[in-house]
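Visitor: Give me coordinates for this.
(2 chains)
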2 protein chains.
Amino acid sequence: MTETYLVGVDLGGTTIKLAFINMNGVLIEKWEIPTNKKDNTIVEDIAKAIEEKAKSIGILKDQLAGIGMGAPGPVNLETGVVYQAVNLGWENYPLKEKLEQAIGLPAIIDNDANIAALGEMWKGAGQQAKDLICVTLGTGVGGGIIANGEVIHGVRGAGGEIGHITAVPEGGARCNCGKTGCLETIASATGIVRIAIEKMQKIETSILNDLYEQNGKLTAKDVFDAARKQDQAALEVIEEMSFHLGLALANLANGLNPAKIVIGGGVSRGADLFIENVTFYFNKFAFPAVAKGAEIRVATLGNDAGVIGGAWLVKSKIMNH
Amino acid sequence: MTETYLVGVDLGGTTIKLAFINMNGVLIEKWEIPTNKKDNTIVEDIAKAIEEKAKSIGILKDQLAGIGMGAPGPVNLETGVVYQAVNLGWENYPLKEKLEQAIGLPAIIDNDANIAALGEMWKGAGQQAKDLICVTLGTGVGGGIIANGEVIHGVRGAGGEIGHITAVPEGGARCNCGKTGCLETIASATGIVRIAIEKMQKIETSILNDLYEQNGKLTAKDVFDAARKQDQAALEVIEEMSFHLGLALANLANGLNPAKIVIGGGVSRGADLFIENVTFYFNKFAFPAVAKGAEIRVATLGNDAGVIGGAWLVKSKIMNH
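Guide: Take a look at the predicted model:
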């Protein structure tokens, strides 16, 4: 009997991550190709990459059950149309249709943050919880919400916009979305640096001041490194970020009563510094039964979450229908 | 051909509302019986009431497709066990099993706020939106959230606890749930009166002071009446309540991207005074695509929302399986 494989694809603005994954969620082969935005050969590039890789490792096309793919923007799950992907210059782009034509395999498309959440649910820190919030702290703050085992897309694919929860209703920093005070302006790498620059102007003896003078800039990693050395300004940044992240997650959880809350993204590399603090504020601001029901964990799949979530979509949506 | 009827039951701490509803969601017969908490004959009373009413209006038991019922506490939808109903003294009470034994018809149980949301979705202000937030402003603040057409129960039936979203993170009023600063301490009838008493101590010329002296107390209706007369203190109460309700709903919607937000409960009788204001703050604090996708409306079914939602559960969950 030949084995069946699921193809996971995670389409980003710079690279496209691809993987062949078996029915148990084990990565058999993973690789990357560059995202060719200029000529928009993205769909053809993906089709070609999958076909060539399959051939090179001796997998027949018949063994591929389908392609589950994440796109960087809101998606209509049923039609596979990407409403908008600013990074790629797409608007109402029929990605599913084009991909299926190019490769002759069934495809299913979702938002990249949503497939990361599905990946963490299936094989990561979500531990198969049917009710789960996944928040990705990177340059921005993304999110995927799963309730009753299904991703919440909402009416226009804008479900899970956790980064745009208003954390500071008045006088907050400007966000790329046009609002002010979004969680993204606080709990992203960019937000952490922004707050750090505010703090170091007040606490002039901070390590952060030295680093800033030395390098002409600050990074979230600088802030975490300084906090590990008990730098006061850096610790205050962590405190402020933890408070707002804990509050926002608690209020979302008051609506959703999730079993797991998974924190991922590059910023989660500093989780040892903030996870306890975030959990403290979460428990303080969550309805008691909600606090009791939820466990906050750091994501375990890293950059593989997306392709694994894509594979899960193939398994649960294409193979079960 | 004989018509099939759905039985909706809305179990409250004082009365039990019952209705026979046809497949199109039209109320054929509705009535109430008292809730006998003392002897806990609730299940028997409901069974008897349904059988007698059916007989008296010439409906055969065979014509009843099943019973959909709301209980005042978190419920396990699959087992029909009520985790807890403080008002009734129930803990882990197997309501579905007992009701089915007593009446010999299939039953399905959900939380009362959830069936109200389903009712408004099916036949009310929700207009069949598959993604909907329903918030009930009464003595407390209850909520029901529907995503992908299904109620969000969460891991312990505590989904939709909109009243316990933390509106005031620091220095808020004490809530019955044990936390402080919950939305319920602001946007419920009780919360409105609490804020009014604060405001009238600052603005001594308020109509509210006169009413309080006259009656020895204030009601939410007093506040609304005074606001309609442009009373400054009352208008400030409305402003404060609208800000927090708009913010809380926006932040929840940033996770859910709902098509409709339905505001019901006794306090919604003052909606003419606050709905515009709530919508203003909602739009201010919601992610632009989320604000664009959502419409805030006043509930239209009043006290019938529960029984209609119960009937919907029978139609969608019992008859479709």
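Visitor: for the record, mean pLDDT for the longest helix along chain A?
Guide: In terms of residue count, the longest helix belonging to chain A (DSSP state H) is helix A:232-256. Helix A:232-256 comes out with an average pLDDT of 98.
Visitor: Check whether the helix or strand just after that helix comes near chain B.
Guide: Note on helix A:232-256: by DSSP states H and E, the next helix or strand toward the C-terminus is strand A:260-264. No - Strand A:260-264 lies apart from chain B when judged by CB under 8 Å from any CB of the partner chain; the minimum separation is 8.8 Å. In short, each C-beta sits where N, CA and C put it, glycine included.
Visitor: Run the angle between the longest helix of chain A and strand A:260-264 for me.
Guide: Helix A:232-256 runs at 140 degrees relative to strand A:260-264, counting by axes from the mean of the first three to the mean of the last three CA atoms, to 10 degrees.
Visitor: element containing the closest residue to residue A:57 other than its chain neighbours?
Guide: Spatially, and ignoring its direct neighbours in sequence, residue A:57 is nearest to residue A:29 (6.0 Å; CB to CB, 6 or more residues apart in numbering or on different chains). Applying DSSP H and E as the criterion places residue A:29 in strand A:27-34.
Visitor: For that strand, list the C-alpha coordinates in PDB.
Guide: Extracted in PDB, the C-alpha atoms of strand A:27-34 (Å, rounded to 0.1, in the frame of the first residue of the first chain):
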ATOM      1  CA  LEU A  27       7.000  16.400   8.300                       C
ATOM      2  CA  ILE A  28       8.500  14.100   5.600                       C
ATOM      3  CA  GLU A  29      10.100  16.800   3.500                       C
ATOM      4  CA  LYS A  30      10.200  20.600   3.900                       C
ATOM      5  CA  TRP A  31      11.700  23.300   1.800                       C
ATOM      6  CA  GLU A  32      11.400  26.900   0.700                       C
ATOM      7  CA  ILE A  33      11.200  28.900  -2.500                       C
ATOM      8  CA  PRO A  34      11.400  32.700  -3.000                       C
END
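Visitor: residues of that strand that come out buried?
Guide: Across strand A:27-34, burial judged by 16 or more other CB atoms under 10 Å in any protein chain shown covers A:27, A:30, A:33.
Visitor: again, but for stretch A:203-222
Guide: A:203, A:206-209, A:211-212, A:218, A:220, A:222.
Visitor: Check what contacts it and list those residues.
Guide: By CB atoms under 8 Å, 6 or more residues apart in numbering or on different chains, the surrounding residues in contact with stretch A:203-222 are A:189, A:192-193, A:196-197, A:199-200, A:223, A:226, A:229, A:231-234, A:236, A:266-267, A:269-270.
Visitor: Can you give the distance from stretch A:155-163 to the centre of its chain?
Guide: Centre-to-centre, stretch A:155-163 and its host chain are 13 Å apart (CA atoms, centre = their mean, to the nearest Å).
Visitor: Give the rounded mean pLDDT of that stretch.
Guide: Averaging pLDDT along stretch A:155-163 gives 94.
Visitor: can you check stretch A:121-130 too?
Guide: The average pLDDT for stretch A:121-130 rounds to 96.
Visitor: What's the end-to-end length of that stretch?
Guide: End-to-end distance of stretch A:121-130 (CA to CA, to the nearest Å): 8 Å.
Visitor: So for it, what gets flagged as buried?
Guide: So, applying 16+ other CB under 10 Å, buried residues of stretch A:121-130: A:121-127, A:129-130.
Visitor: so which helix or strand takes in residue A:297?
Guide: Assigned by DSSP H and E, residue A:297 falls in strand A:295-298.
Visitor: that older thread, let me have the buried residues of strand A:27-34 in TSV, extended by distance to residue A:18 and pLDDT.
Guide: Output for the buried residues of strand A:27-34, formatted as TSV (distance: CB to CB, whole Å; pLDDT from 0 to 100):
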residue	distance to residue A:18	pLDDT
A:27	11	97
A:30	7	97
A:33	7	97
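Visitor: with the residues you listed in mind, which one is nearest to chain B?
Guide: Of all the buried residues of strand A:27-34, residue A:27 has the smallest distance to chain B: 28.8 Å, by CB to the nearest CB.
Visitor: residues contacting the closest one?
Guide: A:19-21, A:304, A:307-308.
Visitor: Just to check, residue A:299 is in contact with residue A:264?
Guide: Yes - taking CB atoms under 8 Å as the definition, residue A:299 is a contact partner of residue A:264 at 3.0 Å.
Visitor: Look at the two and report which has more neighbours.
Guide: Comparing residue A:299 with residue A:264 by neighbour count (other CB atoms under 10 Å in any protein chain shown), the higher total belongs to residue A:264, at 29 against 23.
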